[in-house]
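1. Provided below for reference: sequence and predicted model.
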Amino acid sequence: LGNILQLQKKNADVIAESLKQLVFKQAASHNFIAAIGEGGLEFLKDFPSTRNDTINFLTAPFTEASAHVFLDKNGLYVSYSSNTFLSDKLSPKAKIEQLKLFHENFWDLPFEARIVATKAILFPPRKDNGFDAGEFQHTLDYILDTVLPLKDKNGKEGRLIVESYIEASDHPQDKLLLTSAMIASKDPSKSKDKHLSSGEALSLILDALGPAGRKLSQAIESHPQTPQEIKTSFSSSKTMAVEPMRADIMERIKLYKPKTPADAITHVGKVLGAGSYGVTVEVTKASKQKTAITFLYPHVRGQAETEFETLGKAATIVSQKDKRFKPVVEMVRQAASMSAQETDMDLAAKQAEVAQKLYDDVAVTVNGERFTFSAAKFLSHGGDYKEFEIIEGKHFNDYSKEGADPQHLKHMAIAQLTLELSHLLSGRP
């Protein structure tokens, strides 16, 4: 059984290393970048409009018409700066074929590599290590028009949030934020209709900001003043905020300290959920018992602290510009204050003990239907992990999807509400 875990670890490492090499190699030397070449990037440094046209061409479906539009507007600049890409020595037909390969190779890149590639186009390296203010604003305006158009519902509000974050954050973060947001909004796999709403775009932007951004997403989804269309866009923030790589999970498994040989992990199963600060996986022990272990992400505490500082500044700025955003300041403040508690595993053990006292074997009857409650047993914890037993059954949200009796669901909700109200009114801590 130990060999099975070792094999899982080895396979995950091989895949992770392969993906890492793929991202860096494809971003640096893949045909996409090779098609431009170092010389080809020269024209992007001096012509912001050409940078935007390049991104527009790459992130739209390829057609001969789109290729001709790009060539008519930018072919001269590109051929002048590059010895190979769209060279004057090529026939018109060959140039179209080269642009087609250029487009196809872009979408062959993994998502992470597309971010790197797009960043190289939007923010090409310069000798002075940056843009002047006007040049940066030109790129910013283009991206906001692409990601959060004013014509979209909540587009104006979305832009205000992003602009406030940019004002509050450091310049390197701005570049990553803008690039990630634009790529995510254009990626066909991210939206059924290939165009994200402002709420979906904001959700992806916050997800790109790390644990603090994901925690803020959860606060936005839960807040009573959040418009329903925005709530819907953030609906997955509480259960699958970020999908970690398998190799990262296997690396975190090393943190687990079994109390006895029977507690040793022999197999790592499916991901049960991924939150702002950690990922929960199903594991099998040598004793055949299956449990759920939540592992914190590496360096998540310090990262969250830094990110919440920037988000706090951004929330203050946006609320000063538009009073409707005043609740966001409180959202960020509450999320930041909860961050230390949610990553404290000693506190988690105490909370689990209290939960068992409050819920175990408590029964509530609603119109003759009896519901018995219990809390998952807290099994162990360490500095960066906590372990619970797995309670079999369905999630409440899954019942309605499967056509369960509405009256039964109503009784179940009333029972839960009754129990929670009784706890609140009891005066117990």
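-> Thanks, I have it. Residues are numbered from 1 along each chain as shown.
2. do you know how far residue 406 is from residue 399?
-> Taking CB to CB, to the nearest Å as the measure, residue 406 falls 10 Å from residue 399. Glycine gets a C-beta too; all of them are placed from N, C-alpha and C.
3. Those two: which is more packed in?
-> residue 399 (15 against 10; other CB atoms under 10 Å).
4. my guess is residue 364 is in a strand, correct?
-> Yes - checked against DSSP: H, G, I helix; E, B strand; the rest coil, residue 364 lies within a strand.
5. Pull the number of nearby residues for it.
-> 18.
6. what's across from it in the sheet?
-> In this entry, residue 364 is beta-bridged to residue 371, by DSSP bridges.
7. Now do it, the pLDDT please.
-> Confidence at residue 364, expressed as pLDDT, is 95.
8. Same question for the one 4 residues further on.
-> Looking at residue 368, its pLDDT reads 93.
9. Then the one 4 residues further on?
-> In the prediction, the pLDDT value recorded for residue 372 is 93.
10. Verify the stated contact: it with residue 361.
-> Yes - assessed by CB atoms under 8 Å, residue 372 is found in contact with residue 361 at 6.8 Å.
11. Looking at the two, which is more packed in?
-> residue 372 (12 against 8).
12. How much space separates that one from residue 277?
-> Counting by CB to CB - residue 372 and residue 277 are separated by 31 Å.
13. any idea which strand is longest in this structure?
-> Longest strand of the chain, by residue count under DSSP state E: strand 265-274.
14. what's the offset of it from the middle of its chain?
-> Remark: strand 265-274 is offset 20 Å from the chain centroid, using CA atoms, centre = their mean, to the nearest Å.
15. for stretch 398-407, which positions count as buried?
-> When neighbours are counted by 16 or more other CB atoms under 10 Å, no buried residue of stretch 398-407 is found.
16. what residues does that stretch touch?
-> 394, 408, 409, 412 (CB atoms under 8 Å, 6 or more residues apart in numbering).
17. could I get these as CSV with pLDDT, distance to residue 316 and neighbour count?
-> Compiled in CSV, the contacts of stretch 398-407 are given as follows (pLDDT from 0 to 100; distance: CB to CB, whole Å; neighbours: other CB atoms under 10 Å):
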residue, pLDDT, distance to residue 316, neighbour count
394, 80, 42, 10
408, 89, 47, 12
409, 90, 42, 13
412, 91, 41, 18
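18. can you name the two of those residues that are farthest apart?
-> For the contacts of stretch 398-407, the farthest-apart pair by CB to CB is 394 and 408; their separation is 12.1 Å.
19. picking up where we left off before, which one of the contacts of stretch 398-407 is nearest residue 308?
-> Nearest to residue 308, judged by CB to CB, of the contacts of stretch 398-407 is residue 394 at 34.8 Å.
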